[in-house]
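>>> next comes the sequence, and after it the predicted model I'd like to discuss.
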Amino acid sequence: MGRLQTWGQESVTTWESLWGLPHFEAHDELSSTNDRVRVLAEEGASAFTTVIAGTQTAGRGRGGKYWESSAGLGLWMSFLLRPVDGGNSILTPLLVGLGTARAIEALCPGSQPRIKWPNDVFVNDRKVCGILCEGVGPDAVVVGVGVNVHQRQEDFPADLSDRATSLLAAGCSGQSLARMAGEVLRQTRLLVEPLPEVLDEGLRNELGKRDALAGRMVRTEAGQEGTAIGVADDGALLIQSDGVCHTVRGGGIRIV
Ligand code: BTN
């Protein structure tokens with residue numbers, strides 16, 4: 001167990017240069033890849049320093065929820081962003097989600113990945129990827145991406161199996177974790193370097209086409225209910241109730 005010299009078919013230094021990363025680490029096992037990137041950030045690591053683990057013993061999701069990270073079954077990866085002025089906190093997970101959705105579409109054509117605002121990617125109406133962004137000081141954000149890749153539907157714990165899926169369970173078998181990692185990093189980089197202050201029309205259109213919530217009745221963490229009608233140019237979720245449009249800038253969303 002520990003830090004690896006070789007990951008998949010290649011040496012760690014080969015991945016580092018293939019993906020154009022300032023620093024890449026692969027580990028058999030970590031508590032959480034977000035924790036490892038946080039340590040590297042505190043030591044002054046550069047943007048897109050990236051860490052992957054085969055398994056995580058304390059993988060976490062938003063709100064401190066446990067994130068199931070079984071050995072070799074998914075991509076458990078974190079990387080560092082250093083947005084100027086801390087960046088727009090809603091746009092970061094949204095654009096990483098968009099990059100991940102593009103990567104899934106590229107590797108699994110026809111899978112039609114959808115983004116559930118602000119930080120999940122869905123396939124077939126089930127969650128295939130979660131994104132966890134955690135600030136480190138004023139100018140660094142650790143972005144954790146968990147993509148379920150090789151699980152069979154029955155591998156998910158009973159309380160998750162009707163809400164979670166994997167690429168395999170969605171009919172996209174034989175995917176390489178390395179290809180997925182490289183594509184997520186490449187697509188995300190195109191979207192967040194530099195991190196925009198607002199979404200341009202092209203991004204809003206793409207998010208609109210990939211919106212898992214559009215037209216659905218949702219409930220915010222604060223208990224507000226309404227129909228999701230899209231994303232504003234600052235990344236806020238727009239919901240409509242009784243003819244009034246409300247903007248939601250934080251917290252989780254449930255489909256009612
Ligand atoms: C969520 O859906 O709430 C976010 C899940 C994020 C999981 C990933 S796996 C890699 C990274 N390390 C963690 O501990 N969490 C993220």
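Looks like it came in fine.
>>> so what are the sheet partners of the helix or strand hosting residue 145 and their directions?
Assigned by DSSP states H and E, residue 145 belongs to strand 140-148. If you go by DSSP bridges, strand 140-148 pairs up with strand 74-81 (antiparallel), strand 126-136 (antiparallel).
>>> return the backbone torsion pair for the closest residue to residue 249 other than its chain neighbours.
Distances taken as Cβ to Cβ, 6 or more residues apart in numbering place residue 236 nearest to residue 249, at 4.8 Å, with adjacent residues excluded. The C-beta positions use only the backbone N, C-alpha and C, and glycine is treated the same way. Backbone torsions for residue 236, taken as degrees, to the nearest 10, come to phi -70, psi 150.
>>> so residue 236 makes contact with residue 246?
No - Residue 236 lies out of contact with residue 246 (Cβ atoms under 8 Å); the separation is 9.3 Å.
>>> what parts of the stretch 1-150 of the chain come near the ligand?
Contact residues (Cβ under 6 Å from any ligand atom) of the stretch 1-150 of the chain with the ligand: 32-34, 56, 59-62, 65, 67, 69, 76-78, 120, 130-132, 144-146.
>>> buried ones among these?
32-34, 56, 59-62, 67, 69, 76-78, 120, 130-132, 144-146 (16 or more other Cβ atoms under 10 Å).
>>> before we move on, the earlier item: C-alpha coordinates for the strand holding residue 145, PDB please?
These are the backbone C-alpha positions of strand 140-148, laid out as PDB (Å, rounded to 0.1, in the frame of the first residue of the first chain):
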ATOM      1  CA  ALA A 140      -7.000  27.500  -3.700                       C
ATOM      2  CA  VAL A 141      -9.800  25.100  -4.300                       C
ATOM      3  CA  VAL A 142      -9.500  21.300  -4.000                       C
ATOM      4  CA  VAL A 143     -11.800  19.600  -6.600                       C
ATOM      5  CA  GLY A 144     -12.700  16.000  -5.900                       C
ATOM      6  CA  VAL A 145     -14.300  14.000  -8.700                       C
ATOM      7  CA  GLY A 146     -15.800  10.500  -8.100                       C
ATOM      8  CA  VAL A 147     -16.900   8.600 -11.200                       C
ATOM      9  CA  ASN A 148     -18.600   5.200 -10.800                       C
END
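>>> give the rounded mean pLDDT of it.
pLDDT averaged over strand 140-148 equals 97, rounded to a whole number.
>>> C-terminal to it, what's the next element?
Along the chain past strand 140-148, the next helix or strand (assigned with DSSP H and E) turns out to be helix 177-192.
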